[in-house]
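A.B. asks: Requesting a structural model of the entry that follows:
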Amino acid sequence: MRIAHLILIGTASLTLQGCLAKTAFNVATAPVRIVSKGVDLATTSQSEADEKRGREVRKREERVGKLDRRYEKQRKDCLDGERSACDDARRTYEEMQVLVRSLPAESGDGED
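C.D. replies: Next comes the predicted model:
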């Protein structure tokens, strides 16, 4: 019985050493992993910034397209003699101009 008890203690101590070593390693490296994760969350990569900028530009371009369609309809109504449509067209055109100035210039060389 004593031999079985000693074998059990010996086996337990060997297996616990691995657990203790792994736990010690995890405790020692935890601050580095935590700081690294925090930096990753706090910073934006250049590609992420480019993607965000691209999304913003596309949204503005879509808005300009919608305003352009509205402006053309209002301008047509204005030419048909509808006075309020003339005022609406003027306001829509002004809004379009503000958005167009915020869009990046196109290169014109055919490359996207």
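A.B. asks: Need the pLDDT of the most centrally placed residue in the chain.
C.D. replies: Geometric centre of the chain, nearest residue: Lys52, 5.6 Å, by Cα atoms, centre = their mean. According to the prediction, Lys52 has pLDDT 89.
A.B. asks: Which helix or strand contains it?
C.D. replies: Per DSSP states H and E, Lys52 falls inside helix 46-79.
A.B. asks: Give me the helices and strands touching that helix, please.
C.D. replies: Applying 3 or more Cβ pairs under 8 Å, 6 or more residues apart in numbering; DSSP states H and E, one finds that helix 46-79 contacts helix 83-102. All C-beta atoms are positioned from the backbone trio N, CA, C, and that covers glycine.
A.B. asks: Contacts for the helix it packs on next, please.
C.D. replies: By Cβ atoms under 8 Å, 6 or more residues apart in numbering, the residues outside helix 83-102 that reach it are Arg60, Arg63, Val64, Leu67, Asp68, Arg70, Tyr71, Gln74, Arg75, Asp77, Cys78.
A.B. asks: Could you give the number of residues near the fifth one?
C.D. replies: Right, the one you point to is Asp68. 14 (other Cβ atoms under 10 Å).
A.B. asks: I'd like to know how many residues surround the closest residue to it other than its chain neighbours.
C.D. replies: Distances taken as Cβ to Cβ, 6 or more residues apart in numbering place Met96 nearest to Asp68, at 6.4 Å, with adjacent residues excluded. Counted by other Cβ under 10 Å, the residues lying close to Met96 total 18.
A.B. asks: and what of Val64?
C.D. replies: The tally of other residues near Val64 (other Cβ under 10 Å) stands at 19.
A.B. asks: Thank you, goodbye.
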